[in-house]
Structure formats: C-alpha cells, structure tokens
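Trainee: Return atomic coordinates for the entry below.
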Amino acid sequence: MTDPETPDRLPSRGSPSGESGEGPGSDGWRRRTLLRRALAGTVGILSLSGCGGQRDRDRSTDELASPPRGDVDPPATPVPPPFDSVTDLTDLGVDPTGGEPIGDVISDAASDGELLFLPSGEYPIEESLDLSGLDRFGIVGDGATIVPMEDASGTLFFVGGDGAIHIRNLQFDFTENNTDIRALDVRAPDDLRISDVTVNGQIEGGRGAVRVDVTDSDGSGVVERLRLPDGSVPEEQVTGCYVGDDNRGEITFSDCHIVGFGDNGLYADPAVGRIIVDGGYYANNGIANVRVRAGSVVRNVHVRCDDASKGFENMRGIRLTNSEPAADAEPPLVENCRVEMIDVSSSDGGITLSSELPSMTVRDTEIRIDADDVHGVWAKTPADSLRDATEKLWVDCEGVTVTGEADNEFAIKIDGRGGCTLSGIDVSHAATNRNGVGFQRSHDNVLRDATVDVGGAAIVLQEATLETIDTNVTPDEIRTLTEDE
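Mentor: Prediction:
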C-alpha cells in the first residue's frame, strides 16, 4: 500500500486577519497550525506549485517578500486523500484540558469520508465507541492523550468500515483506571493504517491492547510504530497486538515496539492472509514474541528475552505456525533478524517451526542463546497429516549464526523433515552438554560451508543421513543414535 498522493498546491490564503478575527496568536491560528503539522504524516510532504525551480527573475524583491504576519490568515488546511473533509474536534466543544469526556462528540462527528483532528491535550473517554459501517474514516492527533474513565470497558475504539481507516498520532494512558480494556479494534477491507499509536500502562486482563483485520483478500494494511511498552500483569494471558479471524488480506507491521505480554507480543497467525513484520523490537513476551503464519515474512526484527520475572509460559523468540496443518502452505521466511534468549522462564526455541507447517527458510540471522535447555532453531516433527508430503518437508538455513553460553539441547535441531540444506552456518557453544546440529528421522540433508564448535556433540544423527561439504566441526565426529536413544 502506497502513501496517499500529495496535493499539487496549498489552498490560497484567506482574508486579512482584521476581517476574520483570527490572526496570528489567536486560538484558531494555533489550532490550524497544529492540524497542519499533524496531517503532514498523513498527507506526505506538501508541495507548492512552481516551487523547486528558479524564481521568476522578472519579479521584484518586494513582490517576493513574505507579507506582514498580522495582515493575513494562515492558509486553510488541506484535506489529505482519501478523505473529503477535516473536523477539528475542539471546534465542536472538545476540551483539551481533560474536562468533559469526548465519546459523544466523536460519535456525532464520525461520518463517511471524515477525518477528525484531536490537538494536543488530555481527553477522558467514558465509554466504548462503535464506529462501524463507515466508508473512509480517520482520526489523527497531535500530542493528544486519551484516558479511559473509571467506568469504561470493552474496546475504546471499534472502527469497522467499508473503506479506508486511518488512525495516527494518538496516545492511550492506561496507567490508572480500567486496564482490562482494548484501545483499538480496527477492521477495514483495504487501506488500513495505524501509525504512531502508543498504549501506556500495564494491562491487567481482557483481550489485549490492539486488534487489526484487513477483511478483503485483495486488501492491505500497515501498522507502523505501534508502541506497547508496559505489557501485561504476570497473572493474566494478555496479547499485545492481535490479527483476528476476520483477516483475509496482507498486513505489514513496521518498526513496532511490543514488550512484556503473557500471550504473545505480536499474535499474527490468522487462518487467511499474509503478514510482514519489518523491523521493530519485541521483548519478554510469553508464548511467542513474534508469531506469524504460512507465507509470512519476518525481516530486520530484534527479539530479546532477558527478564523471566513474570514467569510467562514458553518465551519463544519467533514462532512460525499455522491455524491447521497444510501440505501446500507457503514457507515463511525469517531474514536479517537478531534473536537473543538471555533469561527465560521457559522456552523451546529462539526460532521455532511448528508441527502445522511443512517448511521454512531462515537466512542472515544472528541467534544468541544463554538460557539453558533452549534450542537456537527447532523445526518440530510435522503433524501426522503432513507425513506423506515428504518433498515439501524441508528446512533451509543460510548465513545463520548461533552462539551463547547455554547448556543442553541443540543450537539447531530438525525433526521429521528431509532434504534440508544448511549453508554458511556458524555455531559456537562451549558448554559441556551443548550440542551443535541434530537431525532426527530426517534424510538427504546437506551441511555446507559450516563451522560447528561446541562442548557436546557437533553433529547428532538419529534415523537420519547427512552430507557434509567444506565443513569444520569440533569435536570432529558425528554421533549416531539408535531409534531408542
């Protein structure tokens, strides 16, 4: 999905301030200045027609000079595509000093093609807003913080439409009341965009902070710079950001920051659709920090688990899974990521391929495992329904580094999948019982241009075959186990 088109020119200047009553320094001037600044990220860089080239040499210096500040109104605010009009909510009586709640005002102002603007301030909200059935709707803030009142519950903003939905530059403050509510539930067929949204405060229960669905198979959405820094309480299984069952299209998560949730940080494996996770920081989440489905891409992501104090279950790094086993599922890709498993309550891997998926590709990725009993990469035994699709059961790893101080288990372990290729692998684990690369019930595999230096067994084969090419292993032996070992 591309950014909205940039308008060709700014609207012409208005009448002199003496006639309008809203010159520089007035409340109207200040609100419009905030609005122009907030919309800059939605519109893109505004361009003035004729600018960028040389000035007209025939014009005098006086003609080119800026008019005196007190003589004109500021230019009218442009309306960014795909919207028809912009409403400054303070013009409708919203109080930026945290006085009256804003729910009714937003409900009344919301309409098809409307973009609402919320300037800097603190705004209480008293109830869940159902803004469903809209065609092209958005709300954009500029230093606006939304605070739920004591009786608020459910989802603060449920926005479901037939067209584009844009939400930008909002903060939600959950540090005091009702921290079992969801900030946003946004569902659109296409052009779904959530940008620069932050939810502060530890969530004590409920369904999680944010949900998004692109409901059309040809549609797409972008969630960028979503910040969920405070996570959930230890006692509750709460999700950070969830892609729901209504999803059909493609969603890109760009440079998000999600930390400390008990039931997945980014939970993005709907039955249908494609997920792209590009950049961002995901830390100390339970079940998985990043969880995606078949055909998805996880790229340039930093995952770190270094705090086990909440006792979350199975703090995986990146989990590749599917709603159900499918032999024809497209392999997911993990690329150019950094995964660090320093301290965990429990975990079965830095990167895991679940039984529901037949194959995966991991390349140019650094994995550090300091926590004992945690695999660096683990491809689990495929589900029974996939066993006959042997030509599709594979793992490719290229340019993967696995290091750290962990003891026990494997740097890379592959179960029940054959025809695997591991090339350019660098494994270094000095602990006595830490093993390097293991294959179980897996044949016709290749280990090429690799270095494996571990305290345990460098290569372990159990009902498996492996060809090594230009590979250095320490200790220099291949340990072969029987079926019963």
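Trainee: if you average pLDDT over stretch 284-291, what comes out?
Mentor: Averaged over stretch 284-291, pLDDT sits at 98.
Trainee: could you dump it to PDB, C-alpha only?
Mentor: The C-alpha trace of stretch 284-291 is given here as PDB (Å, rounded to 0.1, in the frame of the first residue of the first chain):
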ATOM      1  CA  ASN A 284      10.000 -10.600  27.100                       C
ATOM      2  CA  ASN A 285       6.700 -11.800  25.800                       C
ATOM      3  CA  GLY A 286       5.200 -15.200  26.600                       C
ATOM      4  CA  ILE A 287       4.200 -18.000  24.100                       C
ATOM      5  CA  ALA A 288       6.000 -16.000  21.300                       C
ATOM      6  CA  ASN A 289       7.400 -12.600  20.900                       C
ATOM      7  CA  VAL A 290       6.500 -12.700  17.200                       C
ATOM      8  CA  ARG A 291       4.100 -15.200  15.900                       C
END
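Trainee: Could you check it and say which residues are buried?
Mentor: For stretch 284-291, burial by neighbour count (16 or more other Cβ atoms under 10 Å) applies to Asn284, Asn285, Gly286, Ile287, Ala288, Asn289, Val290, Arg291. In short, each C-beta sits where N, CA and C put it, glycine included.
Trainee: Take those residues and write them to TSV, including secondary structure and distance to Thr179.
Mentor: As requested, those are exported to TSV (DSSP: H, G, I helix; E, B strand; the rest coil; distance: Cβ to Cβ, whole Å):
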residue	secondary structure	distance to Thr179
Asn284	coil	18
Asn285	coil	17
Gly286	coil	18
Ile287	coil	20
Ala288	coil	23
Asn289	coil	21
Val290	strand	24
Arg291	strand	23
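Trainee: wouldn't Asp415 be in contact with Gln462 here?
Mentor: No. With contact defined as Cβ atoms under 8 Å, Asp415 does not count as touching Gln462 (9.2 Å).
Trainee: which neighbours do the two share?
Mentor: Phe439, Gln440, Arg441 (Cβ atoms under 8 Å, 6 or more residues apart in numbering).
Trainee: Let's see which of those residues end up in strands.
Mentor: Under the assignment DSSP state E, the shared contacts of Asp415 and Gln462 contribute Phe439, Gln440, Arg441 to strands.
Trainee: tell me, what residue is most central in the chain?
Mentor: Compute the mean C-alpha point of the chain, and by Cα atoms, centre = their mean the closest residue is Phe253, 3.4 Å away.
Trainee: Tell me the secondary structure of that one, please.
Mentor: strand (DSSP: H, G, I helix; E, B strand; the rest coil).
Trainee: coming back round to it: now a ChimeraX select for only the buried ones of the shared contacts of Asp415 and Gln462.
Mentor: Here is the ChimeraX command that picks out the buried ones among the shared contacts of Asp415 and Gln462, judged by 16+ other Cβ under 10 Å:
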select :439,440,441
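Trainee: All the helices of the stretch 101-250 of the chain, residue numbers only.
Mentor: Using DSSP state H, counting those that start in this stretch, the helices of the stretch 101-250 of the chain run over residues 103-109.
Trainee: Low-confidence ranges, it, go.
Mentor: 177-178 (pLDDT under 70).
Trainee: which one of the buried residues of stretch 284-291 is nearest Leu228?
Mentor: Asn285 (9.8 Å; Cβ to Cβ).
Trainee: ok, now how distant is the closest one from Val199?
Mentor: As judged by Cβ to Cβ, to the nearest Å, Asn285 and Val199 stand 15 Å apart.
Trainee: swap in Val272?
Mentor: Relative to Val199, and taking Cβ to Cβ, Val272 is found at 27 Å.
Trainee: any idea how far the residue lying closest to Arg319 once chain neighbours are set aside lies from His443?
Mentor: Take Arg319 and drop its neighbours on the chain: the residue closest to it by Cβ to Cβ, 6 or more residues apart in numbering is Ala288, 3.7 Å away. Taking Cβ to Cβ as the measure, Ala288 falls 30 Å from His443.
Trainee: do Leu386 as well
Mentor: Leu386 is 16 Å from His443, where distance means Cβ to Cβ.
Trainee: Looking at the two, which is more packed in?
Mentor: Taking neighbours as other Cβ atoms under 10 Å, Leu386 and His443 compare with Leu386 leading, 22 against 15.
Trainee: For that one, report the pLDDT, please.
Mentor: Reading off the confidence values, Leu386 has pLDDT 96.
Trainee: Quick check: it vs Arg417, distance?
Mentor: For Leu386 relative to Arg417 (Cβ to Cβ), the value is 9 Å.
Trainee: so what sits against both of these two?
Mentor: Pro358, Leu393.
Trainee: Please, where are all the strands along the stretch 151-300 of the chain?
Mentor: For the stretch 151-300 of the chain, the strands defined by DSSP state E, counting those that start in this stretch occupy 155-160, 165-173, 182-188, 192-200, 210-214, 220-224, 227-228, 241-243, 250-259, 266-268, 274-283, 290-292, 297-299.
Trainee: deepest of those, which one?
Mentor: Burial of the strands of the stretch 151-300 of the chain is given as mean neighbour count (mean count of other Cβ atoms under 10 Å); strand 290-292 ranks first at a mean of 29.
Trainee: Output the contacting helices and strands for that one.
Mentor: Judged by 3 or more Cβ pairs under 8 Å, 6 or more residues apart in numbering; DSSP states H and E, the packing partners of strand 290-292 are strand 266-268, strand 274-283, strand 318-320.
Trainee: So which of these is nearest Asp185?
Mentor: Evaluated over those, closeness to Asp185 peaks at strand 266-268, with 13.8 Å, by Cβ to Cβ.
Trainee: Can you list the strands that that closest one pairs with?
Mentor: strand 241-243 (parallel), strand 290-292 (parallel) (DSSP bridges).
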